[in-house]
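next input, structure requested:
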Amino acid sequence: MRPILAVTAGLLVTALVAAGVTLAILRVQSRTNTQQVNLRNGVTITEDSAIIAAATKARPAVVSIVTQHQPSLVRGSGYLATSDGYIVTNINVIAGASGLTVLIPGDSKAHDARLVDYDCQTGVAVIKIDKVGGLPTLGFADPNALVQGQRIVAVGGPVEGGAVTPGYVSAMHRVSSVRDPVNLGRTLQLSDTIQTNAVIDGGTSGGPLVNVGSQVVGVSMESTSAVSGVGLNVADIQDDVQQILQTGQVVVSSLGATTADVTSDSAVLSGVPEGSRLVALDKGGPAATGGLKVGDVITQLDDVKLDAAHPLSLLLRSRFHANQRVTVTYSRDGVSTQAELTLTSQHPTCA
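Down below sits the predicted model:
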């Protein structure tokens with residue numbers, strides 16, 4: 001037993017000496033290391049402060065939209081684009097409603113609203129409340145400034161308690177599936193959307209996605225995915241909103257065809273080029289009279305190549321106009337061909 005006790009005592013002495021040396025080293029390091037961690041109350045973190053400031057500035061312009069769907073009421077959000085009551089939201093918030101009621105932060109009065117116009121191809125809708133003025137508004141951010149990984153904030157209306165859901169842009173230029181507002185139980189494909197890890201519920205849907213400067217980078221929309229939210233990209237909806245505010249309706253240039261995006265991934269799998277596939281043609285429309293057929297994949301309009309960042313629906317709104325003569329490049333059975341077409345105009349409807 002004595003040898004064992006002697007060895008044990010020796011180990012304890014060694015451990016204590018080692019601990020003393022370690023503590024001494026830590027004390028020396030603590031005196032020379034200039035980095036500090038302060039865990040006291042009142043410590044502010046720059047990123048959190050920016051998010052709080054962005055949400056605080058945006059909240060007064062974010063409204064709740066309560067829609068009447070007999071026998072129940074459904075709620076969503078939107079934001080004020082003008083001080084006299086024009087409100088931007090998404091099509092799912094207002095689709096099928098027999099009545100629209102808007103609640104404004106700090107205002108105890110419920111305001112009746114009317115639908116001005118919408119665009120099912122971009123997912124945006126604009127409604128209006130009357131007999132108001134001097135309301136706070138939100139403006140669009142530069143559509144070219146948004147980048148993957150950027151911090152954004154989804155803000156809900158007063159019925160949601162001004163809910164704030166911070167997140168980041170996880171992906172851009174995505175084709176997203178959302179609930180079809182006309183054909184219940186089916187989904188609608190939207191081009192060039194923003195994917196975010198911010199979860200968008202029904203009450204927040206339709207509200208703005210803002211950057212840390214409280215500028216609108218997108219309009220939130222519920223996704224069919226449980227792990228991510230969808231944002232309608234400012235690059236797509238800005239022309240629609242401005243046109244509705246100026247003329248009261250959306251009119252876009254058209255090829256006289258129904259199309260579906262062919263993404264780079266699906267293009268590789270299906271062996272066709274990236275672009276926009278024709279799935280239906282209007283009889284007597286530009287595409288049909290120009291010789292295009294169902295199944296053809298449009299790859300270019302004039303000198304603009306179609307890709308995820310430049311889908312056909314966006315180009316027909318932002319780069320081309322009705323009665324314009326364009327050169328359409330399309331692929332059929334692996335052969336690239338061109339056709340000269342004159343674009344018409346149409347109101348984008350829900351299929």
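
which SSE is residue 241 in?
Using DSSP states H and E, the secondary-structure element containing residue 241 is helix 234-247.

so after that helix, what's the next helix or strand?
strand 252-254.

avg pLDDT for that next one?
Averaged across strand 252-254, pLDDT comes to 93.

name the residues that touch that strand?
119, 121, 285-286, 316-317, 320-322, 324, 343-348 (Cβ atoms under 8 Å, 6 or more residues apart in numbering). Where C-beta positions appear, they are placed from N, C-alpha and C, glycine not excepted.

the closest residue to residue 76 other than its chain neighbours: neighbouring residues, count only.
With Cβ to Cβ, 6 or more residues apart in numbering as the criterion, residue 76 has its nearest non-adjacent residue at 3.5 Å, and that residue is residue 93. Neighbours of residue 93 under the rule other Cβ atoms under 10 Å: 27.

ditto for the one 3 residues further on
Residue 96: 12 surrounding residues under other Cβ under 10 Å.

thinking it is in contact with residue 72, fair?
No: using Cβ atoms under 8 Å, residue 96 is not in contact with residue 72, being 11.8 Å away.

hmm, back to that, and the residue nearest to residue 76, backbone torsions?
Phi and psi for residue 93, reported as degrees, to the nearest 10, are phi -70, psi -40.

pull the contacting residues for it.
By Cβ under 8 Å, 6+ apart, the residues touching residue 93 are 65, 67, 76, 77, 78, 125, 205, 206.

buried residues in the helix or strand where residue 79 lies?
Residue 79 belongs to strand 72-80 when elements are defined using DSSP H and E. For strand 72-80, the neighbour count (16 or more other Cβ atoms under 10 Å) marks 74, 75, 76, 77, 78, 79, 80 as buried.

same for the helix or strand following it, what does it pack against?
Downstream of strand 72-80, the first helix or strand assigned by DSSP H and E is strand 86-90. The helices and strands touching strand 86-90, judged by 3 or more Cβ pairs under 8 Å, 6 or more residues apart in numbering; DSSP states H and E, are strand 62-69, strand 72-80, strand 124-129, strand 216-221, helix 234-247.

centre of the chain versus the second one, how much separation?
Relative to the centre of its chain, strand 72-80 is centred 17 Å away, using Cα atoms, centre = their mean, to the nearest Å.

tell me the SS of residue 57?
With DSSP: H, G, I helix; E, B strand; the rest coil as the basis, residue 57 sits in helix.

hang on, isn't it packed against residue 215?
No: between residue 57 and residue 215 there is no contact under Cβ under 8 Å: 9.8 Å.

kindly export the strand holding residue 79 (C-alpha atoms) in CSV.
C-alpha atoms of strand 72-80 as CSV (Å, rounded to 0.1, in the frame of the first residue of the first chain):
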residue,chain,number,x,y,z
SER,A,72,-64.1,32.7,-42.5
LEU,A,73,-61.7,35.6,-42.5
VAL,A,74,-58.1,35.2,-43.8
ARG,A,75,-55.3,37.6,-42.9
GLY,A,76,-52.2,38.7,-44.7
SER,A,77,-49.9,41.7,-45.0
GLY,A,78,-48.9,44.4,-47.5
TYR,A,79,-47.1,47.7,-47.5
LEU,A,80,-48.0,51.3,-48.4
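
residues contacting that strand, please?
Contact with strand 72-80 is made by 58, 61-67, 86-90, 92-94, 97, 102, 104, 127, 135-138, 155-157, 159-160, 202-208, 216, 220, as judged by Cβ under 8 Å, 6+ apart.

out of those residues, which are buried?
With burial judged by 16+ other Cβ under 10 Å, the buried subset of the contacts of strand 72-80 is 58, 61-67, 86-90, 92-94, 97, 102, 104, 127, 135-136, 138, 155-157, 159-160, 203-208, 216, 220.

now do the helices in the stretch 151-300 of the chain.
Assigned by DSSP state H, counting those that start in this stretch, the helices in the stretch 151-300 of the chain fall at 234-247, 264-270, 286-289.

out of those, which is closest to residue 309?
Across the helices of the stretch 151-300 of the chain, residue 309 has its closest neighbour in helix 234-247 (8.3 Å, Cβ to Cβ).

helices or strands next to that closest one in the packing?
Secondary-structure packing of helix 234-247 (3+ Cβ pairs under 8 Å, 6+ apart): strand 86-90, strand 110-119, strand 124-129, strand 187-196, strand 216-221, helix 312-318.

JSON lines for those, including distance to residue 240 and mean pLDDT?
Formatted as JSON lines, these follow (distance: least, Cβ to Cβ, whole Å; pLDDT from 0 to 100):
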{"stretch": "strand 86-90", "distance to residue 240": "9", "mean pLDDT": "97"}
{"stretch": "strand 110-119", "distance to residue 240": "5", "mean pLDDT": "95"}
{"stretch": "strand 124-129", "distance to residue 240": "5", "mean pLDDT": "96"}
{"stretch": "strand 187-196", "distance to residue 240": "13", "mean pLDDT": "87"}
{"stretch": "strand 216-221", "distance to residue 240": "11", "mean pLDDT": "95"}
{"stretch": "helix 312-318", "distance to residue 240": "7", "mean pLDDT": "88"}
